[in-house]
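Undergrad: I need the structure of the sequence given here:
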Amino acid sequence: MTPTPQQILEAVRGQKAWVSELFDELRAGSIDGDGVTRDTFGPGEQFGYGVVEGRAKAMGLAIEHDHGANMYMTLPGRDPGSPKIMMGSHIDSVPRGGNFDGAAGVIGGLVAQRALQSLGITPSCDVTTMAIRAEESVWFQVSYIGSRTAFGVLPDGALEAPRVDTGRPLSEHLAECGADIEQVRAGKAWLDAKDIRAFVEIHIEQAPQLVEAGLPLAIGTGVPGNFRYPYIRIAGEYAHVGLPRRFRKDAALAASDFALGLDKIWQENDAADRPMAFTIGRFHTNTDVHALTIVPGEMTLSLDVRAYDAPHLAELEQALFDLVRRIEAARGVTFDLGARASADVAPSDPGVFAGLTAAAERLSIPSQPLASPASHDTATFTVAGVPSAMLFVRNENGSHNPYEAMEIDDFIEASAVMTGWLIEQVTRD
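TA: Below is the predicted model:
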C-alpha cells in the first residue's frame, strides 16, 4: 500500500536527530579554523567517506566502490536488473568551507532510503545513494572528476593535473584512495545511462534567493554550462614607479580593465534578461618581484564564465576575446589565456522536474522553480543521458565559506519531497 503524505512526512521528519548527529560528526572531523576542509582525494574527504559508509552499513545497505573510488550505497529492489534510481552528491569541500555543501545531498539520499525502510517499502528497483568524489574543482582545477570518472569521460590530461597545494598529480592522489588508475586512464565506464531511471541531487542554495522568497526549498530547472581559463597571464613591462603614463605597460591596470570589462558584459546581459555569471577567483601580481615602487609587469588570474545555453556561452567567449584584443592594444600588454576547460549546459529533465514539483504539492511543502547559479555533478548525469534534476535548500549565506546557514528543518523538508517523489517511482510498477 502506498503511504499517505502524512506518513511520508512523519517517516522523514522523525529522522531530524539522526540527521543533526550525522552533520555534527562530519563537522567535528573536518574542522579547519572557522570552517571545514574535506580535501579532495585527501584525508578530509577520506574521513567523510568513512563516516557515511559507517552509517550506510548500519542501515544494511549494499556498499560498492568503483574504479574512481566513488561509493554506492544501495537498498535492493524487487527487480535488481531493472534501471535503478540514484540520488547523491559529493563529500569534499573547498578549503575552510562550510559543512553542508555537497554533504547534504549524500545525507538526503540516506534519509530517503531510511524512510523506505521505516515504511516497510521494498522498492521495485534498486535505490542507490552515490557519494561522489572530487566535485570541488578548486583542488585540481578540473570539473566533476568523480562523476566524470564514473561515466568514463574524464577529460584528457586530467590525471596529470596537479593538486594546487601538494603539486602532486591527480593520478597519485586517486591511487592513494583506492582507485584503479589504469581503468580510469582507459576511460572505463562504471555507470551507463541506460541502467539509471533517474538521478536527483539535494544541494544547499548558493545564493539567498530562497531567503528572499521566504521558501524552504526550490526545484532546480537546470545547471549552467561554463568555460574556464584557470591560468591567465598578462605580460606587461616592469618599470620605475615614476614612469609617465604614456610609457607604461602596466599589467595590473590591464587586469583591472579586464575585470571591469567583464562586469560591463554581465550588466548588459542582466539588462537583456540573459542570466550569466563570471568569477575571477585569483588575481595577483608576482610575489617574487612586485614591490611598492615597481610598475607591475605581470598579472596572473583565473576566470570562470557560466550561462544556461550553449549559444550564449559561445557569444560570451567571443566577447571575452574581443575584450582581450582591445586591452592589449590600449595597454601595450599581452594576454596568454592558457589552458581552457569547459562543462556542458544541463537542463533538468521535464519529467523529473514535474515529479518533484508534484511531490512538494502533495506534501503541502511550498517551493518554487530555480535555476542553479553553480555547477553540480547532476550535470554529468544529464549530459550522459540520465533524466536528472535538483532540489535546493534555503541557505542565507551562500556556500564555499564557513557560514553556510542551512536549517535542518529546511533540509528535512527537501528530503521529504525527494522521498515522496521516490516512493511514487518505486511503488507504481
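Undergrad: Helix or strand: which one has the nearest residue to Ile145 once chain neighbours are set aside?
TA: Using Cβ to Cβ, 6 or more residues apart in numbering and skipping the chain neighbours, the partner closest in space to Ile145 is Ala134 (3.6 Å). Heads up, the C-betas are built off the backbone N, CA and C, glycines and all. Assigned by DSSP states H and E, Ala134 falls within no helix or strand.
Undergrad: check contacts around the nearest residue to Gly102 once chain neighbours are set aside.
TA: Spatial nearest neighbour of Gly102, chain neighbours left out: His90 (3.9 Å); criterion: Cβ to Cβ, 6+ apart. Taking Cβ atoms under 8 Å, 6 or more residues apart in numbering, we find His90 in contact with Gly102, Ala103, Gly105, Val106, Ala131, Ile132, Arg133, Ala134, Glu135, Glu136, Gly146, Asp377.
Undergrad: Out of those residues, flag the one nearest to Thr4.
TA: Closest approach to Thr4 among those (Cβ to Cβ): Gly105, at 26.4 Å.
Undergrad: give me the number of residues near the closest one?
TA: The tally of other residues near Gly105 (other Cβ atoms under 10 Å) stands at 32.
Undergrad: I figured it hits Ile204, correct?
TA: No - using Cβ atoms under 8 Å, Gly105 is not in contact with Ile204, being 9.0 Å away.
Undergrad: ok, back up a step: ok, of the contacts of His90, which one's closest to Ile280?
TA: Using Cβ to Cβ, the contacts of His90 come closest to Ile280 at Glu136, 18.0 Å.
Undergrad: my read is that closest one is in a strand, agree?
TA: No - under the criterion used here (DSSP: H, G, I helix; E, B strand; the rest coil), Glu136 is coil, not part of a strand.
Undergrad: Skipping adjacent residues, who's closest to Thr2 in space?
TA: Thr427 (5.1 Å).
Undergrad: So what's the residue count around the one you found?
TA: Count around Thr427 with other Cβ under 10 Å applied: 16.
Undergrad: let's have the chain start at 29 instead
TA: With the count now opening at 29, the last piece we talked about shows up as Thr455.
Undergrad: Roughly how far does it sit from Asp220?
TA: Thr455 is 25 Å from Asp220, where distance means Cβ to Cβ, to the nearest Å.
Undergrad: repeat for Val361
TA: The value you get for Val361 to Asp220, if Cβ to Cβ is used, is 48 Å.
Undergrad: Same drill for the two, tell me which one is more crowded.
TA: Val361 (25 against 14).
Undergrad: residues contacting the spatially most central residue of the chain?
TA: By Cα atoms, centre = their mean, the chain has its centre lying nearest to His404, at 3.2 Å. Counting by Cβ under 8 Å, 6+ apart, His404 touches Ser117, Glu163, Glu229, His231, Val251, Met418.
Undergrad: element containing the third one, please.
TA: When elements are defined using DSSP H and E, Glu229 is found to belong to strand 224-232.
Undergrad: The helix or strand following that strand packs against which elements?
TA: Remark: after strand 224-232, the chain's next helix or strand is helix 237-241, criterion DSSP H and E. The helices and strands touching helix 237-241, judged by 3 or more Cβ pairs under 8 Å, 6 or more residues apart in numbering; DSSP states H and E, are strand 245-251, strand 395-399.
Undergrad: The longest one relative to strand 395-399, how many degrees between them?
TA: Think strand 245-251. 20 degrees (axes from the mean of the first three to the mean of the last three Cα atoms, to 10 degrees).
Undergrad: Phi first, then psi, for Arg142.
TA: phi -60, psi -40 (degrees, to the nearest 10).
Undergrad: Report the separation between it and Asp220.
TA: Arg142 is 27 Å from Asp220, by Cβ to Cβ.
Undergrad: Thr150 against Asp107, yeah?
TA: No - at 10.4 Å, Thr150 does not count as touching Asp107 under the criterion of Cβ under 8 Å.
Undergrad: before we move on, the earlier item: and among the helices and strands packed on helix 237-241, the most buried is which?
TA: Among the helices and strands packed on helix 237-241, strand 245-251 has the highest mean neighbour count (mean count of other Cβ atoms under 10 Å), at a mean of 25.
Undergrad: Parallel or antiparallel, list what pairs with it.
TA: Paired neighbours of strand 245-251 in the sheet (DSSP bridges): strand 374-375 (antiparallel), strand 395-399 (parallel), strand 416-421 (antiparallel).
Undergrad: Looking at those strands, which is nearest to Gly76?
TA: strand 416-421 (18.6 Å).
Undergrad: relative orientation of the next helix or strand after that closest one and strand 395-399 in degrees?
TA: Later in the chain than strand 416-421, the nearest helix or strand by DSSP H and E is helix 436-455. Angle, helix 436-455 to strand 395-399, by the same axes, to 10 degrees: 90 degrees.
Undergrad: Show me what helix 436-455 packs onto, helices and strands only.
TA: Partner elements for helix 436-455 (3+ Cβ pairs under 8 Å, 6+ apart): helix 33-41, helix 44-56, strand 112-118, helix 131-146, strand 224-232, strand 245-251, helix 378-390, strand 416-421.
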